[in-house]
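**Student:** generate a structure from the sequence data that follows.
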Amino acid sequence: FLGDIQEINVQGSSYPAEFGRTSGGQIQIATRPGTNTYHGDVFEYLRNSDFDAYNSYTKYQNSVLLASNPSAVTATKPVLRQNDFGGVLGGPIRIPFLYDGRSKSFFFVSHETVLLDQPNSLAVNVPSACSRTNTCADTVATDLLPYLQFAPPPNSIYNGLPAYLSSYVNPSDSHATSLRLDHQLTSKVALFARASYTPSAVLSRTANNVSNGKYINATYTLGMNAALSSHIANELRANYSRNAGHNLYTLDTFGGATLQTAAMYAQMFPTTYGASTLNSTFVFGIYTGGDIGYWAWQVGTYVANTQRQFNLVDNVSWAVRKHVYKFGVDWRQLFPIAAPYTYSQTVAYYGMSNVASGIPTMGIAQSDDQVTVHIPNYAFYAQDTWRVSKKLTVNYGVRFDFNPAPHGSGSQQLYEVTAASVLNPAAAVLAPGGTQLYPTKYGTFQPRIGASYVVRDKANYETIVRGGFGIYYDTNDDAAAVANAY
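**Tutor:** Predicted coordinates:
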């Protein structure tokens, strides 16, 4: 939320030693504190399809349909509704007759809500009317017929095949709330605490196959800025963050489609394996063309993961004449919870002979275990910003990142294949449980140097030349965060 931001600082690809863990740029965002004066803002941003032109993609799609079939059903203008509203309020903390926090204690609170109905139009190939009643030249196995009813009946032709065409909206909502408290403990020590909570939901569909996504982001930060002397300052930050996401696929009666029966759900989610729509998934697809078309759908839970993070950062700055020396440590611990499928089935038909026999071309069944992964990251750095002259500034330093291999929580184990299996996948063998996923690398020293020179400092004609060199190491956290125990 922009109303909550005081400053954004973007570091390019050649950044100082205090930044790391990625080979790309670095973005720092400073949030707004309260002041001695009460101040607030409110806002509302509105968009509505009544004010907008016809969607260009929908117009193009209609033109393609009418070119091949002048009497084809075309998509209507999709509906757009967007309301983005919120506000901020900040000032001193004052409790009548008890506490007057002017010049000492402050608060700043913000909230933003976004409600959006995103317009969309769709042309998707679906089974023809005769295939649903098994009266086409190409027959369909009796057991498969009920699954064809899950698609909306065709109301148009697309790419020469039966299709369903419609306009619809994908609704979403997001609510971001934050609170920051600041306190001047002494003339040399300032404290702050900040909490934010952002739940959101997104619904998107392909015909009557609906993806229901729900996400929650929460962060809690404590900070201290201390002037240890006239030349030495210390910055301390501690943070806990939690991001959770859950995505559930369902089928509805959109466009006249038929819902599944309890007996069909029992086939897709067998209770023998503890399967249900809340912990498992079923994927079905027919890709034959002709009267059957290209039709696929999915029901059940697609993802249910949680990422948690502890982060502690401490920086010490020491100003000596033309130099500002800076030293720091950055510790981070990630605790992702990967909650894959308790049970998963994928069934696909690629040939009419498979459709006629009811035996799929491809069938996959699998079961995974939930696992909590511990991913530690440690970093240390030292740097110096040297003001060589009025026009020339040089920054140089070194950074060391130490990233041990991830491991499971408690008795949980992560598995990998042996080194020989990498060279010969056909004879892959699992390594013993608890084997390190990869060796820890200790030689990650990263020297950095950069300089800026003011070529011209004339007002409105300033020219500055910058350059730098450095070695940067990324982490393997993204791969480790999705590690599963089988």
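
**Student:** now do the longest helix seen in the chain, average pLDDT.
**Tutor:** Assignment by DSSP state H gives helix 56-68 as the longest helix of the chain. Here helix 56-68 scores 72 as its mean pLDDT.

**Student:** for it, which helices and strands make contact with it?
**Tutor:** strand 105-125, strand 156-158 (3 or more Cβ pairs under 8 Å, 6 or more residues apart in numbering; DSSP states H and E). Where you see a C-beta, it was placed from the backbone N, CA and C, and this is true even at glycine.

**Student:** quick one, which of these is nearest to N279?
**Tutor:** Comparison of the helices and strands packed on helix 56-68 against N279 by Cβ to Cβ identifies strand 105-125 as nearest, at 28.4 Å.

**Student:** please export the C-alpha coordinates of that closest one as CSV.
**Tutor:** Output of strand 105-125 as CSV, limited to C-alpha atoms (Å, rounded to 0.1, in the frame of the first residue of the first chain):
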residue,chain,number,x,y,z
SER,A,105,5.6,7.7,21.2
PHE,A,106,3.8,7.5,17.8
PHE,A,107,1.5,5.3,15.8
PHE,A,108,0.7,4.8,12.2
VAL,A,109,-2.1,2.6,10.9
SER,A,110,-3.1,1.9,7.3
HIS,A,111,-5.7,-0.2,5.5
GLU,A,112,-6.5,-0.9,1.9
THR,A,113,-9.2,-3.1,0.4
VAL,A,114,-9.3,-4.1,-3.3
LEU,A,115,-12.5,-5.7,-4.7
LEU,A,116,-12.2,-6.7,-8.3
ASP,A,117,-14.5,-8.4,-10.8
GLN,A,118,-12.1,-9.1,-13.7
PRO,A,119,-13.8,-9.5,-17.0
ASN,A,120,-13.0,-12.5,-19.2
SER,A,121,-14.4,-14.2,-22.3
LEU,A,122,-13.9,-17.9,-23.2
ALA,A,123,-14.1,-20.2,-26.2
VAL,A,124,-13.3,-23.8,-25.2
ASN,A,125,-13.8,-27.0,-27.1
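
**Student:** what helices or strands is the following helix or strand past it leaning on?
**Tutor:** Later in the chain than strand 105-125, the nearest helix or strand by DSSP states H and E is helix 129-132. Under the contact criterion of 3+ Cβ pairs under 8 Å, 6+ apart, helix 129-132 touches helix 145-148.

**Student:** give me the helices and strands touching the helix it packs on, please.
**Tutor:** Going by 3+ Cβ pairs under 8 Å, 6+ apart, helix 145-148 lies up against helix 129-132.

**Student:** contacts for the helix it packs on, please.
**Tutor:** C136, D138, V140, L145, L148, Q149, P153, P154, P162, D291, I292 (Cβ atoms under 8 Å, 6 or more residues apart in numbering).

**Student:** do that again at 6 Å, thanks
**Tutor:** In this structure, residues lying in contact with helix 129-132 by Cβ atoms under 6 Å, 6 or more residues apart in numbering are C136, V140, L148, D291, I292.

**Student:** among those residues, name the ones in helices.
**Tutor:** L148.

**Student:** name the nearest of the contacts of helix 129-132 relative to S105.
**Tutor:** Using Cβ to Cβ, L148 is the member of those that sits closest to S105, with 66.4 Å.

**Student:** what's around the closest one, how many residues?
**Tutor:** 21 (other Cβ atoms under 10 Å).

**Student:** enumerate every residue touching it.
**Tutor:** P127, R132.

**Student:** if we use 10 Å, what do you get?
**Tutor:** L148 is in contact with 126-128, 131-134, 140, 258, 286, 292-293, 295, 355, counting by Cβ atoms under 10 Å, 6 or more residues apart in numbering.

**Student:** same deal with A207?
**Tutor:** Counting by Cβ under 10 Å, 6+ apart, A207 touches 122-124, 126, 150-152, 163-166, 168, 251-252, 254-255, 257, 295, 297.

**Student:** F150: what secondary structure?
**Tutor:** Here F150 takes the coil state, with states given by DSSP: H, G, I helix; E, B strand; the rest coil.

**Student:** where's T301 relative to Y273, distance?
**Tutor:** 14 Å (Cβ to Cβ, to the nearest Å).

**Student:** higher neighbour count, these two?
**Tutor:** Using other Cβ under 10 Å, the more surrounded residue of T301 and Y273 is T301, with 21 against 14.

**Student:** what's opposite that one in the beta bridge?
**Tutor:** Here T301 sits in beta bridges with L248, going by DSSP bridges.

**Student:** so for it, what's the pLDDT?
**Tutor:** 88.

**Student:** do D384 as well
**Tutor:** pLDDT, D384: 97.

**Student:** ditto for A72
**Tutor:** Predicted confidence (pLDDT) for A72: 68.

**Student:** buried members of the contacts of A207 into PyMOL, please.
**Tutor:** A single PyMOL command is used to select the members of these judged buried by 16 or more other Cβ atoms under 10 Å:
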select buried, resi 122+123+124+126+150+151+152+163+164+165+166+168+251+254+255+257+295+297
